[in-house]
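Engineer: here is a sequence with its predicted model. Questions after.
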Amino acid sequence: SQELEQSPQSLIVQEGKNLTINCTSSKTLYGLYWYKQKYGEGLIFLMMLQKGGEEKSHEKITAKLDEKKQQSSLHITASQPSHAGIYLCGADIPGTGNQFYFGTGTSLTVIP
Amino acid sequence: DTEVTQTPKHLVMGMTNKKSLKCEQHMGHRAMYWYKQKAKKPPELMFVYSYEKLSINESVPSRFSPECPNSSLLNLHLHALQPEDSALYLCASSQGWGRQFFGPGTRLTVL
């Protein structure tokens, strides 16, 4: 079973449009990480959200954690081609031996 | 230095070869990880070392053999691999169970 499900699986947007990616956990979230990956490369850390309905922003990317819904959302405002890549959420899932899980991933294409 | 380095960047090997992947970090992190990532899939955890001791082995076949010679280095020894083992192998490190810092990965092709 997949502990972290992301939606949508892929997204194609016109440059300048806003978009949202969701990450839903099957278990209670105590902290969640967002990473970005260019094809065939390592993961770039975007931000970490901790318990408490936290919201963080970095440049044009905002992420929120809703612990009641066991969900996090990543919102990109005025998307640019540089935003293209694969977005991955990740979390330490309690009760699983402190193992770190990644979400299923969302592939973002931004058309100039 | 907030970088995790991995060598080689690309590796092509036959099924009878023995090769090693290397990972290095100088951030003083005490946890180091190996992940395997197939195309269009999220990374899958293979091994975790904590304080130079293997703490998690995700039922990985014995043809993959990890080694942590010291707190800065992590190796993955490869022997008798199968073509389905072709993937991007990512190394990461962290201070405890927090944010992980990832290397650029090694693209492995098994012929």
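Structural biologist: Thanks, I have the structure now.
Engineer: in the chain, where is pLDDT below threshold?
Structural biologist: Just so you know, I chose chain A. Under the criterion of pLDDT under 70, the regions of chain A flagged as low confidence span A:1-2, A:94-99.
Engineer: chain B was what I was after
Structural biologist: In chain B (pLDDT under 70), the answer is B:1-2.
Engineer: find the residue at the geometric middle of it.
Structural biologist: In chain B, the centroid-proximal residue (CA atoms, centre = their mean) is B:Trp34; its distance is 3.3 Å.
Engineer: next secondary structure after the strand or helix carrying A:Ile12?
Structural biologist: Following DSSP states H and E, one finds A:Ile12 within strand A:10-14. On the C-terminal side of strand A:10-14, the nearest following helix or strand under DSSP H and E is strand A:19-25.
Engineer: outside of whichever helix or strand comes after that next one itself, list whatever touches it.
Structural biologist: Using DSSP H and E, the helix or strand that follows strand A:19-25 in sequence is strand A:31-37. Applying CB atoms under 8 Å, 6 or more residues apart in numbering or on different chains, the contact partners of strand A:31-37 are A:23, A:25, A:43-51, A:63, A:65, A:72, A:74, A:85-92, A:102, B:99-100, B:102. No exception for glycine: its C-beta is placed from N, CA and C like everyone else's.
Engineer: try it again at 6 Å.
Structural biologist: In this structure, residues lying in contact with strand A:31-37 by CB atoms under 6 Å, 6 or more residues apart in numbering or on different chains are A:43-50, A:63, A:65, A:72, A:74, A:85-91.
Engineer: between that strand and strand A:19-25, how many degrees?
Structural biologist: Here the directions of strand A:31-37 and strand A:19-25 differ by 130 degrees (axes from the mean of the first three to the mean of the last three CA atoms, to 10 degrees).
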